[in-house]
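K.L.:
Return atomic coordinates for the entry below.
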Amino acid sequence: MVHIRDEGSEFDATIEEIWRFLGSPQVHTPAHVSRRNSQVKPIGENAILLSVEQNMGGHWQKVLNRVTLLPPIGMAVEMLDGPLAGSKFFTYYTPKGGKTGVTVVGEFVSKSIPPAQLESEVLRSLEETFNEDNLALRKLASKV
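P.N.:
Okay, the predicted model is just below:
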């Protein structure tokens, strides 16, 4: 198990813009080019099951996550199936005027990723997700 705290990133969008983006599957889902075959199933007022194939290290891996959205604070993710099954993390947002700070804190485990590579693989995946989201948010802002 590895504890990760990834902080210091900032979205080029307000917190309100981020939650509109996250709440728009027709815009948010296509932003993630490192994922395919996304399926979302609501399981509660603020919770969803997200099934997706994710490109990890050049291989498509099926992943199942339970995501609990807690706007405007952040979201909790429990990884139920896939290479990081058993991992749990929280992403929280900090308003900073026209930008929004992003912090991810979690405990990550894997039965298929060697312990020596786990932290770097998680950080790579978090960076990839952030970059895809931030690019989509910038494109949305330019259309307004």
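
K.L.:
from here on, contacts and neighbour counts on C-alpha atoms
P.N.:
Fine.

K.L.:
residues near G8, how many?
P.N.:
G8: 9 surrounding residues under other Cα atoms under 10 Å.

K.L.:
Please disregard the earlier target; I meant F89.
P.N.:
Using other Cα under 10 Å: F89 sits among 19 other residues.

K.L.:
Pull up the per-residue confidence for it.
P.N.:
In this model, F89 is scored at 98, pLDDT.

K.L.:
Distance check, it against A141.
P.N.:
Using Cα to Cα, to the nearest Å, F89 is found at 28 Å from A141.

K.L.:
And the strand or helix carrying E121, what's buried?
P.N.:
Assessed by DSSP states H and E, E121 sits inside helix 115-143. Neighbour-count burial for helix 115-143, with 16 or more other Cα atoms under 10 Å as criterion, is recorded at L118, E119, V122, S125, T129, F130, N131, E132, D133, N134, A136, L137.
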